[in-house]
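# sharing a sequence plus its predicted fold:
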Amino acid sequence: DAGVIQSPRHEVTEMGQEVTLRCKPISGHDYLFWYRQTMMRGLELLIYFNNNVPIDDSGMPEDRFSAKMPNASFSTLKIQPSEPRDSAVYFCASSSPGLSATQYFGPGTRLTVL
Amino acid sequence: KQEVTQIPAALSVPEGENLVLNCSFTDSAIYNLQWFRQDPGKGLTSLLLIQSSQREQTSGRLNASLDKSSGRSTLYIAASQPGDSATYLCAVTLSRDAGNMLTFGGGTRLMVKP
């Protein structure tokens, strides 16, 4: 398997623009996680899905952020409108069924909002 | 709210030294604890996972221990090599009901000098 795939790898946009980050989890994994990493706050869980259903979105910073998982092989994280403080590296991770399953991380999307 | 702390934040050692990285967490009701490695510009790679009922896990030159009652874990790296240079993060999963949600520490940035 190619591992968790994220696109784009880098995104530079201007404040107010809509940003869409994409993730393809490892085939057969039924958990999908979105994280954000910044120097100030470290690595934070934003939202996670189980079998395409959002389970916990308490980490989503505000209504400007939304995430979807229309099928088992694709998820998006959307920011609309984007702000400079959203600049961070966004990671997607997936894991197989079971509460002890290791999470496999994608390479991340580095987002810069000017 | 679970808080995870890692000390030291940065560490520089000469090649060949044995070293210990520390992780502490405030809520001892964890389900498991994981240690990850992150290389610059890359995603996270899981190194070791310790279930709450276990005391330690070993993989090659790495040994992770867990003292759940005191809220501590250590990652021991034997005979360090320059290739071990990376940021090491620990993360805990709370009780079974919390699913696979990970709470991360801030990481220890390790530099092994040749």
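In hand now; what should we look at?
# I'd like to know how many residues surround whichever residue of chain B sits closest to chain A.
Scanning chain B for the residue nearest chain A gives B:Gly43, at 3.6 Å (criterion: Cβ to the nearest Cβ). In this view, the C-beta of every residue, glycine as well, is placed from N, C-alpha and C. Using other Cβ atoms under 10 Å in any protein chain shown, B:Gly43 has 21 neighbouring residues.
# can you check A:Glu83 too?
Other residues lying near A:Glu83 total 12 when counted by other Cβ under 10 Å.
# quick one: residues contacting the most centrally placed residue in chain A.
Nearest to the centroid of the C-alpha atoms of chain A, with distances taken as Cα atoms, centre = their mean, sits A:Trp34, at 3.2 Å. Neighbour list for A:Trp34: A:Cys23, A:Leu45, A:Leu46, A:Ile47, A:Tyr48, A:Ala67, A:Ser75, A:Leu77, A:Tyr90, A:Phe91, A:Cys92 [criterion: Cβ atoms under 8 Å, 6 or more residues apart in numbering or on different chains].
# quick check: chain neighbours aside, which residue is closest to it?
A:Leu46 (4.5 Å; Cβ to Cβ, 6 or more residues apart in numbering or on different chains).
# gap between whichever residue of chain A sits closest to chain B and B:Arg55?
As assessed by Cβ to the nearest Cβ, chain B sits closest to A:Phe105 within chain A, at 3.6 Å. Distance of A:Phe105 to B:Arg55, computed by Cβ to Cβ, to the nearest Å: 27 Å.
# and the two? which has more neighbours close in?
Each of A:Phe105 and B:Arg55 has its neighbours counted (other Cβ under 10 Å); A:Phe105 has more, 23 against 11.
# per-residue confidence for the more buried one?
The model reports A:Phe105 with a pLDDT of 93.
# report the beta-bridge partners for it.
Counting by DSSP bridges, A:Phe105 is bridged to A:Ala93.
# before we move on, back to that, can you tell me the element the residue nearest to the centre of chain A falls in?
strand A:31-38 (DSSP states H and E).
# ok, A:Gln6 next?
With DSSP H and E as the test, A:Gln6 turns up in strand A:5-7.
# who are the packing partners of that strand?
strand A:19-24, strand A:88-95 (3 or more Cβ pairs under 8 Å, 6 or more residues apart in numbering or on different chains; DSSP states H and E).
# neighbouring contacts of the lowest-mean-pLDDT helix or strand in chain B?
Here the helix or strand of chain B ranked lowest by mean pLDDT, DSSP states H and E is strand B:102-104, holding a mean of 90. The contact list for strand B:102-104 (Cβ under 8 Å, 6+ apart) reads A:33, A:42-45, A:103, B:2-4, B:25, B:34, B:89-94.
# and for stretch A:71-83?
Residues from elsewhere that reach stretch A:71-83 (Cβ under 8 Å, 6+ apart): A:13-25, A:27, A:30, A:32, A:34, A:46-47, A:49, A:51-52, A:64-69, A:86, A:90, A:92, A:111, A:113.
# alright, that wraps it up for me.
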